[in-house]
Every structure is written in structure tokens, then in C-alpha cells.
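A.B. asks: one predicted model, sequence on top.
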Amino acid sequence: MKFLAFFLVIVACAVNSLAYKNDVCGLPHSLNGDGRISCEAYIPSWSYDPEHNECVKFIYGGCGGNGNRFGTEQKCKDKCVV
């Protein structure tokens with residue numbers, strides 16, 4: 001029984017560590033600004049959606065955001081899609 005519990009913990013850790021191909025893929029979508037300001041740029045970009053394991057297009061406003069923003073769909077897929 002202890003072996004089974006140990007095995008399940010190891011499997012859970014392994015699955016968790018493999019959840020994303022890259023750490024940036026787990027970040028929230030890179031939206032416009034930080035909620036307090038709105039930026040005026042119009043930059044078509046792509047962001048990874050881990051719930052659906054796909055890259056989604058959005059318009060980046062030019063400030064704020066994070067590493068989960070890619071210039072092309074292919075770059076997003078190469079970095080994140082499993």
C-alpha cells in the first residue's frame with residue numbers, strides 16, 4: 001500500500017512537471033495594459049491557451065503583458081502546443 005501511494009505521488013509530480021513545454025506557456029494571456037491603463041498600440045499577437053492546448057489570436061496594446069505573447073501562430077505552437 002505504501003508503495004502504491006509513493007508511486008502515485010511520483011506520477012503526479014511527473015505529470016505536473018510535463019504540463020507545459022515551456023514555463024511561459026502557463027502564464028495568463030498577455031492582454032492590453034495592466035487593468036489600470038490602456039495602451040494604444042495595435043499589435044496582432046498570439047497567446048497559448050492551456051485549457052484547449054491551442055494558440056489564440058489577440059490584439060496586444062503595447063504595454064504590460066508577459067512572455068505568453070508570440071508574434072506568429074507558428075512561434076506559439078512551436079513553444080507551447082503539446
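C.D. replies: Right, received. Where do you want to start?
A.B. asks: residues contacting N22?
C.D. replies: K79, C80 (C-beta atoms under 8 Å, 6 or more residues apart in numbering). (Glycine included, C-beta is placed from N, CA and C.)
A.B. asks: quick one, strands of the chain?
C.D. replies: For the chain, strands defined by DSSP state E occupy the ranges 43-49, 54-60.
A.B. asks: so for the last one, mean pLDDT?
C.D. replies: It refers to strand 54-60. The predicted model assigns strand 54-60 a mean pLDDT of 94.
A.B. asks: which secondary structure elements does it contact?
C.D. replies: Applying 3 or more C-beta pairs under 8 Å, 6 or more residues apart in numbering; DSSP states H and E, we find strand 54-60 packed against strand 43-49, helix 73-80.
A.B. asks: show residues contacting it.
C.D. replies: For strand 54-60, using C-beta under 8 Å, 6+ apart, the contacting residues are 29-32, 41-49, 69-70, 73, 76-77, 80-81.
A.B. asks: just the first one next, same as before
C.D. replies: Counting contacts by C-beta under 8 Å, 6+ apart, the residues outside strand 43-49 that touch it are 24-25, 29-30, 54-62, 68-73, 75-76, 79-81.
A.B. asks: can we see that at 7 Å?
C.D. replies: 25, 29-30, 55-60, 62, 68-73, 76, 80 (C-beta atoms under 7 Å, 6 or more residues apart in numbering).
A.B. asks: by mean pLDDT, flag the weakest helix or strand of this structure.
C.D. replies: helix 2-17 (a mean of 48; mean pLDDT, DSSP states H and E).
A.B. asks: okay, now E73: neighbour count?
C.D. replies: Using other C-beta atoms under 10 Å, E73 is surrounded by 15 other residues.
A.B. asks: per-residue pLDDT, it?
C.D. replies: So, for E73, pLDDT stands at 98.
A.B. asks: now H29
C.D. replies: So, for H29, pLDDT stands at 79.
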